[in-house]
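K.L.:
Give me a model of this one.
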Amino acid sequence: MVFQKTLPATRAAWADPQEPLPDSIRNMLQSAGIHKLYRHQAKAIDFIRRGYDLIVATPTASGKTLVYNLPVLDHFMADLDA
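P.N.:
Modelled structure (predicted):
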């Protein structure tokens, strides 16, 4: 048995992390054409920065990779010995 449900389209919800990302990361994102983060990305980054473990389950092409990579880059920039 297979369950399938199509959800209605919704508008994108944008947000910024509580603490802004470093300028170098924001510049990198902008050069890649990313000018805003989705709300789920910003919230997940906030949780990761506070040391929480989390699972992000969102559709394909919704930016999950950035949820994991941006905090890593942020950490490396803040602690060059990391």
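K.L.:
Of all the residues in the longest helix seen in the chain, which ones are buried?
P.N.:
Looking across the chain with DSSP state H, the single longest helix is helix 64-78. Buried positions in helix 64-78, judged by neighbour count with 16 or more other Cβ atoms under 10 Å: Lys64, Leu66, Val67, Leu70, Pro71, Asp74. Placement of C-beta: from N, CA and C, glycine included.
K.L.:
Repeat that for stretch 32-51.
P.N.:
Buried-residue list, stretch 32-51, by 16+ other Cβ under 10 Å: Leu37, Tyr38, His40, Gln41, Ala42, Lys43, Ala44, Ile45, Asp46, Ile48, Arg49.
K.L.:
want to throw the residues you listed into TSV with secondary structure?
P.N.:
Shown next, in TSV, are these (DSSP: H, G, I helix; E, B strand; the rest coil):
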residue	secondary structure
Leu37	strand
Tyr38	strand
His40	helix
Gln41	helix
Ala42	helix
Lys43	helix
Ala44	helix
Ile45	helix
Asp46	helix
Ile48	helix
Arg49	helix
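K.L.:
For these, work out which two are farthest apart.
P.N.:
Using Cβ to Cβ, those reach their maximum pairwise distance at Tyr38 and Arg49, which is 16.7 Å.
K.L.:
and the residue nearest to Ala42 when sequence neighbours are not counted, what are its bridge partners?
P.N.:
Leaving aside its chain neighbours, Ala42 sits nearest to Ala15 (3.9 Å; criterion: Cβ to Cβ, 6 or more residues apart in numbering). Ala15 has these beta-bridge partners by DSSP bridges: Leu37.
K.L.:
Let me see the contact set for Glu77.
P.N.:
Careful, residue 77 is Met and not Glu. By Cβ atoms under 8 Å, 6 or more residues apart in numbering, Met77 lies in contact with Pro22, Ser24, Ile25.
K.L.:
And Ala15, by the same measure?
P.N.:
Leu37, Tyr38, Arg39, Gln41, Ala42, Lys43.
K.L.:
out of the residues you listed, who's nearest Thr58?
P.N.:
For the contacts of Ala15, the minimum distance to Thr58 (Cβ to Cβ) is 8.2 Å, reached by Tyr38.
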